[in-house]
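Student: Got a predicted structure plus its sequence, pasted below:
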Amino acid sequence: MNETSQHQTTFTPDLPGLEIDRMIVFEQQVIIYAHGTATEMCCPDCELPSTRIHSHYTRCPQDLPLSGKQARLHIRLKRFRCDNRLCNRRTFVEALPELVAFGSQRTQRCSLIQRLLGLALGGECGARVLCQLGLPVSEDTVLRLVRRMPTPEFPEPRLLGIDDWAWRKGTRYGTVLCDLERHQIIDILPDRKRNTLKAWLRQHPDIELITRDRNKTYREAATHAAPQAQQVADRWHLLKNLRDKLQIQLRLYKKMLHWLPTLPPADPNSQPLRIDTPFEQQRIENHQRRVARHEQILQWYHDGYDVHKIALLLGVSSRTVYRWLAKSVIPERRRYLKRETQIAPFAAYVQQRWEEGCRSARDLHRELQSMGFTGNHQTVDTALDRLGRGLSVLRTPPPKPPNAKRLTPAKAVWLFVLPAEKLNAEHQDALVHILQHPVLADLYDLAQRFCTLVRQRQANELDTWMADALHSEFSELVSFVNGLHQDLDAVRAALTSEWSNGPVEGHVNRLKLVKRQMYGRAGFDLLRARLLHPV
């Protein structure tokens, strides 16, 4: 570092309690020499004022940059002698509480900027930005400054929103608590256990209303720890619970949805309906995983790895590695094709003998054996049983119309819950095809009635709908209604109250973003600090 100038400047930074002696400007740094101006200081223990100077010492804290250059202070401070013989402290230093804290390596305003960027960006990203701003600091120091921040005090909440968030989806969850009036997170809990939430609710007895999803744990905790609060079920979760039940119910009627007739081309100006199949997504993900493993095997092999070593790294046999190396590309796996049953070649003969009056499976089995049949007696008995019920000998799927499209329960369920006016022309035609079946038409009617009463807040129609669903033939809707009975007060409140869990869902989305920004450093204390101190 070369000194480029040394002079007294007319620009004087604001340094309370100090007097600037000189400033030295280097190529990348500015050093400010100053000294303390206090002539009298009180002992921090006995609070007796003292003017006797024992010695001097120098502090070199980091300060905010000047004109894009890093700034560092060289402060010469006095050490006073305590005149109180009964005091355990003999000397004490000149304090600068407005400028730099005791023992700190940076000024208060410098720490504030580093702390704020740590809250907004996290450790790694915050440290990179601070370096560009002339405030170099390590990522660990940024996180340490964030962790040292005191927990903010919020006004006592009156309207509370509760929801869970995933540390790891499907394995470990936490709880987020939001003030619905102020639209801010007031606390997060490390788990979603009943006792943890009950302890928190008992510390806040002024809560009047609680919005939540239909989680049994939250319902019981709120009932026992905050009995004075009205519980409101979230309307979006009510519709989601209905959709999940409908999808299970439609699996029982899969054959009715098997093929759709040829549909006219959809209007290019209409918005398509997203009806992705989870099984199709899983199949694509599995194929991508196999392709990535194949590329990894090829890379290791070209890098000189032995086949046996590759097998140990992957946990597979050497034969599997050789088979993957022999392939240039990984094709998609062929789908399972149903094999022809043993009795299929003899179906016409079985039908003929049935029409002739043969009802003995044992006799027919002996006849078929003489014709080359290798199946057992039970197979013949099953075929005769089907004929007795008016069915064909073989379980043949319905024929596929030319140019037809397959409709799965996962796709069809969206047609049951969305308003008809929001469907494009293609899906409206699919709905017409579905409603040709009387059973599906009844299921569609019940689903649409519930969606309408939720969207339009028709609380007076809830009892009628629940009675109709209970007396229907749809077992999953009966199960859904039984679940509503267990949480009936909160469901009624959802149809009459203006409050919902929507704001909490937005904060959960922000929480996920913050957690994923921290590159695995998201300990609970750090995550809580970043969420409770919004910037």
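Tutor: Now that the structure is in, tell me what you want to look at. Numbering: from 1, shown residues only.

Student: And the longest strand anywhere in the chain, what does it pack against?
Tutor: Ranked by residue count and defined by DSSP state E, the top strand of the chain is strand 69-81. Other helices and strands packing on strand 69-81, by 3 or more CB pairs under 8 Å, 6 or more residues apart in numbering; DSSP states H and E, are strand 18-26, strand 29-36, strand 53-59, strand 62-66, strand 91-93. C-betas here are computed from N, CA, C, even on glycine.

Student: if I look at A233, how far off is P157?
Tutor: When distance is defined by CB to CB, to the nearest Å, A233 is 19 Å away from P157.

Student: Tell me which of the two has more neighbours.
Tutor: A233 (26 against 22; other CB atoms under 10 Å).

Student: Is it correct that that one is in contact with T496?
Tutor: No: here A233 does not reach T496: they are 11.3 Å apart, not a contact under CB atoms under 8 Å.

Student: where do the contact lists of those two overlap?
Tutor: The contact sets of A233 and T496 do not overlap (CB atoms under 8 Å, 6 or more residues apart in numbering).

Student: thinking again about what came up before, parallel or antiparallel, list what pairs with the longest strand of the chain.
Tutor: strand 29-36 (parallel), strand 53-59 (antiparallel), strand 62-66 (antiparallel), strand 91-93 (antiparallel) (DSSP bridges).

Student: Just the mean pLDDT for that strand, thanks.
Tutor: Averaging pLDDT along strand 69-81 gives 89.

Student: what does stretch 291-303 give?
Tutor: 87.

Student: wait, what's in contact with Y444?
Tutor: Y444 makes contact with 415-416, 431, 434-435, according to CB under 8 Å, 6+ apart.

Student: Please apply the same query to G502.
Tutor: 234, 236.

Student: how much space between it and Q288?
Tutor: 34 Å.

Student: among the strands paired with strand 69-81, which is nearest H308?
Tutor: Set against H308 and scored by CB to CB, the strands paired with strand 69-81 come closest in strand 62-66, at 55.5 Å.

Student: Give me the contacts around the closest one.
Tutor: For strand 62-66, using CB under 8 Å, 6+ apart, the contacting residues are 11, 13, 30, 32, 70-73, 105-107, 109-110, 113, 133-135.

Student: Now the buried members of those residues.
Tutor: 13, 30, 32, 70-71, 73, 106-107, 110, 113, 134-135 (16 or more other CB atoms under 10 Å).

Student: Flag the least confident of the residues you listed.
Tutor: Where pLDDT dips furthest among those: P13, at 73.

Student: Ranking helices and strands of this protein by mean pLDDT, which lands last?
Tutor: strand 3-7 (a mean of 43; mean pLDDT, DSSP states H and E).

Student: Could you report the pLDDT at the residue of the chain positioned farthest from its centre?
Tutor: Relative to the centre of the chain, the most outlying C-alpha is that of E356, 65.4 Å out, by CA atoms, centre = their mean. According to the prediction, E356 has pLDDT 88.

Student: what's the spacing between it and H377?
Tutor: Relative to H377, and taking CB to CB, E356 is found at 20 Å.

Student: And stretch 367-374, end to end?
Tutor: 11 Å (CA to CA, to the nearest Å).

Student: hang on, the earlier thing: by how many degrees do the longest strand of the chain and strand 18-26 diverge?
Tutor: With axes from the mean of the first three to the mean of the last three CA atoms, to 10 degrees as the basis, strand 69-81 and strand 18-26 are set at 140 degrees to each other.
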